[in-house]
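Novice: Here is a sequence with its predicted model. Questions after.
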Amino acid sequence: MLRLEKVSAGYGPVQVLYDLDLEAKPGEILCLLGRNGAGKTTTMRAIMGLCDRTNGRVMLGGTDISALPAHEAPRQGIGYIPQGRRLFTEMTVAENIEIGLMTRKKGKATRERVLDMFPRLRERLDQRAETLSGGEQQMLATARALCLEPSVLLLDEPTEGLQPSMIQLIRDAVVTMKDQGVAVVLVEQRLDAVLSIADRVAFIENGHGREVVDAEVLRTDTSLLEKYVGV
Amino acid sequence: MSAAQKSLALHLGLIGGLFALAFILPTYHHGNFARIMVLATYAIGYNVLFGYTGLLSLGHAMFFAAGMYGMGLAMQYGGVPALPALFLGIIAATILAAVVAVLALRTIGVAFMIVTLMFAQTGFLTILYFGEWTRGDEGFVLQQKVRQIAGLDLSDPMTRYLAAWVLFSVALLATARMMHVAFGGVLVAIRENEERTRMLGYNVFAHKFAAVVISGAIAGAAGAAYGLLFGYVGATFASVQYSIFPLLWVLLGGAGTTIGPFIGALFMFYLIDYSSGLTSAYMLIAGVALVLLTLFARAGIAGEIKRRWAPWLP
């Protein structure tokens, strides 16, 4: 389980998050919603230790990981797929996957399991990452993060700019991870996607944590969406 | 044939070819090739940092000179035999690289270039300052009688060639191997995207530190070998010019390829050699060639071959 306790964070003198509390349970998809600039991406970066945390704790399964250097978060089992994918473009698909596997010394079984989830990548193992389509690149970024066999997966707008068939593939992969007991934290702009796969939704407004509700509630009552997202 | 087999065949072929040339080349080119192999070793060291890790240093001459002076001063004033002196040179360069890494890696990008340049200039001026010992610009000559390892006279052209060949072969195979193991993959990942590499759980600073130290150690080995094989130790090798050379060799040959440094050093050496025979403005010819290569082969010679025809090229 991932828990944020009163986390304040920002970039140098600019504070973005204020005493944020958040909890993602194993086997659930928690979606972060809020307007642009609300602090959704910063929340993810704060979890990973990629921005300045000025207060609070990040707990992973009862262990405080706040003081660990940034590169330790993945080793503890947190996978992060940032916005824009950020692949190693000059490496092949196989090399991108390999470098994901090496971190936690995962072997062939993990590789096969990940490739089974994205058969299209198996067909393109020797292809350079930069030559893949946008959807395939997202698949590869997801596959690489899954090579860590994470207990928590952070996804920042994974379907941005993808065609519908690719969105469905990514969505299926996320649901599979959830079914395997992974706690998924998702930032997503597409409300239909959020409502179709999220278990709970946490609203963030101007860096403050607001309501956390079951997604089911939002399917019938859209007042919170209007209030915090403006739709 | 798998990519790994092709890669092995290429490296062994190059090493075998250079060995065969020892018995074929005329005297003039024989001496040139010995020099080129030592300089290519220097470029291989530079390539570890620049080509694979993406850190552009403008101060590698300090490591080359640390190896050279570490070896030379130990022999000249300490009476240390050649082989231990060679290792002392490598140790001196390695320690210097570790110290520089700790300080310079606090910076990135252009700042890293400037900091390494400043360190190298400090090294150069230090050599001049202690001119009483280092003989400053003038340098000092290592006598033929002390340039011997296990009874082999390193001033003998064939012995010198083969010693340079051994040094180059070890450096080439070691870096080729390094790029086939996890460590090499992480260096390339750092070059591609530092933050992403960190987010996959790799200690980026530790890997960059190791890259600077390995790079400095190889450059130091080349510097020590150069002094030992050619019998001269001088401040020129610590000047900024000798920091720029490996950058040019690697860029021309192909940054991030194992054979690129050799190709670049070979190409530049003979380009300057031939053009200086044609005109006193030989650097102009070299400059034009460099501009043309930059325009039509941006990835360098081996880099372009890799891009177009041989993606398996390591």
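Specialist: Received, thanks.
Novice: quick one: residue B:72 and chain A, what's the gap?
Specialist: 40 Å (C-beta to the nearest C-beta, to the nearest Å). In short, each C-beta sits where N, CA and C put it, glycine included.
Novice: what's the burial count for the spatially closest residue to that residue that is not a sequence neighbour?
Specialist: Closest residue to residue B:72 apart from its sequence neighbours, by C-beta to C-beta, 6 or more residues apart in numbering or on different chains: residue B:233 at 3.5 Å. Using other C-beta atoms under 10 Å in any protein chain shown, residue B:233 has 29 other residues around it.
Novice: separation between residue B:233 and residue B:310?
Specialist: 40 Å (C-beta to C-beta, to the nearest Å).
Novice: Residues in a beta bridge with the residue nearest to residue B:72, which ones?
Specialist: Here residue B:233 sits in beta bridges with residue B:140, as judged by DSSP bridges.
Novice: which residues does it contact?
Specialist: B:68, B:69, B:71, B:72, B:73, B:76, B:134, B:139, B:140, B:141, B:142, B:227 (C-beta atoms under 8 Å, 6 or more residues apart in numbering or on different chains).
Novice: for chain A, what are the nearby residues on chain B?
Specialist: B:182, B:185-186, B:188-189, B:192-193, B:195-204, B:311 (C-beta under 8 Å from any C-beta of the partner chain).
Novice: Got a quick PyMOL command for the buried subset of those?
Specialist: Typed into PyMOL, the line below selects the buried ones among the residues of chain B next to chain A, using 16 or more other C-beta atoms under 10 Å in any protein chain shown:
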select buried, chain B and resi 185+186+188+189+192+193+196+197+198+199+200+201+202+203+204
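Novice: which stretches of chain A form strands?
Specialist: Along chain A, the stretches classed as strands by DSSP state E are A:2-11, A:14-24, A:29-33, A:52-60, A:63-64, A:78-81, A:152-156, A:183-187, A:200-205, A:208-214.
Novice: Just tell me which of those ends up closest to residue A:137.
Specialist: In terms of C-beta to C-beta, the element of these nearest to residue A:137 is strand A:78-81, at 10.9 Å.
Novice: What is that closest one packed up against?
Specialist: Counting contacts by 3 or more C-beta pairs under 8 Å, 6 or more residues apart in numbering or on different chains; DSSP states H and E, strand A:78-81 packs against helix A:40-48, helix A:134-146, strand A:152-156.
Novice: Can I get it in CSV? Just the C-alpha atoms.
Specialist: Below are the C-alpha coordinates for strand A:78-81, written out as CSV (Å, rounded to 0.1, in the frame of the first residue of the first chain):
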residue,chain,number,x,y,z
ILE,A,78,7.3,1.8,-7.4
GLY,A,79,7.1,1.9,-11.2
TYR,A,80,6.6,5.4,-12.8
ILE,A,81,5.6,6.1,-16.4
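Novice: picking up where we left off before, for residue B:43, state which of the contacts of residue B:233 is nearest.
Specialist: residue B:68 (15.8 Å).
Novice: chain center to the helix or strand containing the closest one: distance?
Specialist: Taking DSSP states H and E as the criterion, residue B:68 maps to helix B:61-78. Distance of helix B:61-78 from its chain centroid, counting by C-alpha atoms, centre = their mean, to the nearest Å, is 16 Å.
Novice: Report the mean confidence score over it.
Specialist: Helix B:61-78 shows a mean pLDDT of 96.
Novice: Which helix or strand lies directly C-terminal to that helix?
Specialist: helix B:82-104.
Novice: can you state the direction angle for that following helix and helix B:61-78?
Specialist: Using axes from the mean of the first three to the mean of the last three C-alpha atoms, to 10 degrees, the inter-axis angle of helix B:82-104 relative to helix B:61-78 is 140 degrees.
Novice: Now do the buried residues in helix B:82-104.
Specialist: Result for helix B:82-104 [16+ other C-beta under 10 Å]: buried residues B:82, B:85-86, B:88-97, B:100-101, B:104.
Novice: List the contacts of the residue nearest to residue A:158 when sequence neighbours are not counted.
Specialist: Excluding its sequence neighbours, the residue lying closest to residue A:158 (C-beta to C-beta, 6+ apart) is residue A:170, at 5.2 Å. Residues near residue A:170 by C-beta under 8 Å, 6+ apart: A:135, A:138, A:139, A:142, A:158, A:159, A:162.
Novice: So for the longest helix anywhere in chain A, mean pLDDT?
Specialist: Using DSSP state H, we find that the single longest helix of chain A is helix A:164-179. For helix A:164-179, the mean pLDDT works out to 86.
Novice: Can you dump the C-alpha atoms of it in CSV for me?
Specialist: Extracted in CSV, the C-alpha atoms of helix A:164-179 (Å, rounded to 0.1, in the frame of the first residue of the first chain):
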residue,chain,number,x,y,z
PRO,A,164,-8.6,4.4,-29.7
SER,A,165,-7.3,0.9,-30.4
MET,A,166,-4.1,1.7,-28.6
ILE,A,167,-6.0,3.3,-25.7
GLN,A,168,-7.9,0.0,-25.3
LEU,A,169,-4.6,-2.0,-25.2
ILE,A,170,-3.1,0.3,-22.5
ARG,A,171,-6.3,0.2,-20.6
ASP,A,172,-6.4,-3.6,-20.6
ALA,A,173,-2.8,-3.7,-19.4
VAL,A,174,-3.6,-1.3,-16.5
VAL,A,175,-6.6,-3.5,-15.5
THR,A,176,-4.5,-6.6,-15.7
MET,A,177,-2.0,-5.0,-13.3
LYS,A,178,-4.8,-4.1,-11.0
ASP,A,179,-6.1,-7.7,-11.1
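Novice: quick check: angle from that helix to strand A:183-187?
Specialist: Calculated by the same axes, to 10 degrees, helix A:164-179 forms an angle of 150 degrees with strand A:183-187.
Novice: what sits against residue B:65?
Specialist: Contacts of residue B:65 by C-beta under 8 Å, 6+ apart are B:123, B:124, B:127, B:223, B:235, B:237, B:238, B:242.
Novice: Report the two of those separated the most.
Specialist: B:124 and B:223 (13.3 Å).
Novice: Quickly find the element holding the closest residue to residue B:169 other than its chain neighbours.
Specialist: Closest residue to residue B:169 in three dimensions, ignoring its sequence neighbours and counting by C-beta to C-beta, 6+ apart: residue B:15, at 4.8 Å. Element membership for residue B:15 (DSSP H and E) is helix B:3-21.
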